[in-house]
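[1] sequence below, structure please.
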Amino acid sequence: MHVPDGFLDAPTSAATGVVAAVCVGTALVKARKELDDKTAPMVGLVAAFIFAVQMLNFPVGAGTSGHLMGGALAAVLVGPWTAILCLSVVFLVQSLLFADGGITALGTNITLMGLTTVAVGWLVFKLLQAVLPKRLSLVPVQAGIAAFLSVPVAAVLFVVLYAIGGTADIPLDTLTTAMVGVHVLIGIGEGVITFLAIGAILAVRPDLVYGARGLLAKRELEIKPSSATGAAA
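    This next block holds a predicted model:
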């Protein structure tokens, strides 16, 4: 979904650039509350992992390929604000060093694949945590569903931006069908990869998963009284 230079007109690109700049600036402040001795070492690893997997495309049909966006995965692992910073750095490096997405479209790409996927992924993840049983085993499933939904939402937002300021000669209905259809398939891959990644980390170091901390804290509170009672007996 990397948007090239010139695909959207200057006002639309500038507007998304302002949105991206404001959100990244806010994330620089808010991320301080998420970073600690466990989260901080994960930031570089998460950014490196997302950068690597975004460079690997998988076919989805009709000569089209897709790649992991990583917004929901990063949000669940290190927190939403820190995830925005991770993805912004990834898109900046891709744009400057690999010509993957235009420089003038950097704000657009951050808004679509960074801000949108993180926001949708994190909100869906927290909603599922609120309505489903509070079990650690459900965290990978919740993260996978959140990741899946975040991708077509980002595709729809792209179509909206194109309708506002698109410069290419592509019928809007054709673009909408192609973008949403393809990105539903990409979203399935995103959900599977996120499910597997979160599940693997939970199996060995659940304390490193930011989105699971509330469940871990609750479980510790439930264990401590019984331990104290056993000691007193």
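[2] can you pull the contacts of the spatially most central residue of the chain?
    For the chain, Gly71 is the residue whose C-alpha lies nearest the centre (C-alpha atoms, centre = their mean; 0.6 Å). For Gly71, the contact set (C-beta atoms under 8 Å, 6 or more residues apart in numbering) comprises 83, 87, 113-114, 116-121, 147, 150, 154. All C-beta spots, glycine's among them, are computed from the backbone N, C-alpha and C.
[3] quickly find the element holding Pro4.
    Following DSSP states H and E, there is no helix or strand that holds Pro4.
[4] need the per-residue pLDDT for it.
    Per-residue pLDDT puts Pro4 at 83.
[5] i'd like the first residue to be 23 from this point on
    Noted, 23 is the first residue going forward, which turns the last one into Pro26.
[6] buried set for the longest helix belonging to the chain?
    Longest helix in the chain, counting residues (DSSP state H): helix 194-226. Applying a neighbour-count criterion of 16 or more other C-beta atoms under 10 Å, one finds 197-198, 201-205, 207-213, 215-217, 219-221, 223-224 buried in helix 194-226.
[7] gap between it and the chain center?
    11 Å (C-alpha atoms, centre = their mean, to the nearest Å).
[8] not including adjacent chain positions, what is the nearest residue to Ala36?
    Gly129 (7.7 Å; C-beta to C-beta, 6 or more residues apart in numbering).
[9] the one you found against Thr34, yeah?
    No: counting by C-beta atoms under 8 Å, Gly129 sits too far from Thr34 to count as a contact (9.8 Å).
[10] ok, which stretches of this protein are helices?
    Using DSSP H, the helices of the chain run over residues 32-52, 61-76, 93-100, 102-120, 128-131, 139-153, 161-187, 194-226, 235-254.
[11] report all helices and strands that the second one contacts.
    Packed against helix 61-76 by the contact rule (3 or more C-beta pairs under 8 Å, 6 or more residues apart in numbering; DSSP states H and E) you find helix 93-100, helix 102-120.
[12] point out the most buried one among these.
    helix 93-100 (a mean of 31; mean count of other C-beta atoms under 10 Å).
[13] ok so, going back, please tell me how far the residue nearest to the centre of the chain sits from Gly221.
    18 Å (C-beta to C-beta, to the nearest Å).
[14] point out where this protein drops to low pLDDT.
    Counting by pLDDT under 70, the chain contains low-confidence ranges at 23, 79-88, 241-255.
[15] 50 - rerun?
    84-86, 249-255 (pLDDT under 50).
[16] before we move on, back to that, closest to Ala69 out of the helices and strands packed on helix 61-76?
    Between Ala69 and the helices and strands packed on helix 61-76, the tightest spacing by C-beta to C-beta is seen for helix 102-120, at 4.2 Å.
[17] and the angle from the closest one to helix 32-52?
    130 degrees (axes from the mean of the first three to the mean of the last three C-alpha atoms, to 10 degrees).
[18] output the helices of the chain in a markdown table, with distance to Val25 appended to each entry.
    Conversion of these to a markdown table gives the following (distance: least, C-beta to C-beta, whole Å):
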| stretch | distance to Val25 |
| --- | --- |
| helix 32-52 | 9 |
| helix 61-76 | 14 |
| helix 93-100 | 16 |
| helix 102-120 | 10 |
| helix 128-131 | 5 |
| helix 139-153 | 14 |
| helix 161-187 | 7 |
| helix 194-226 | 12 |
| helix 235-254 | 35 |
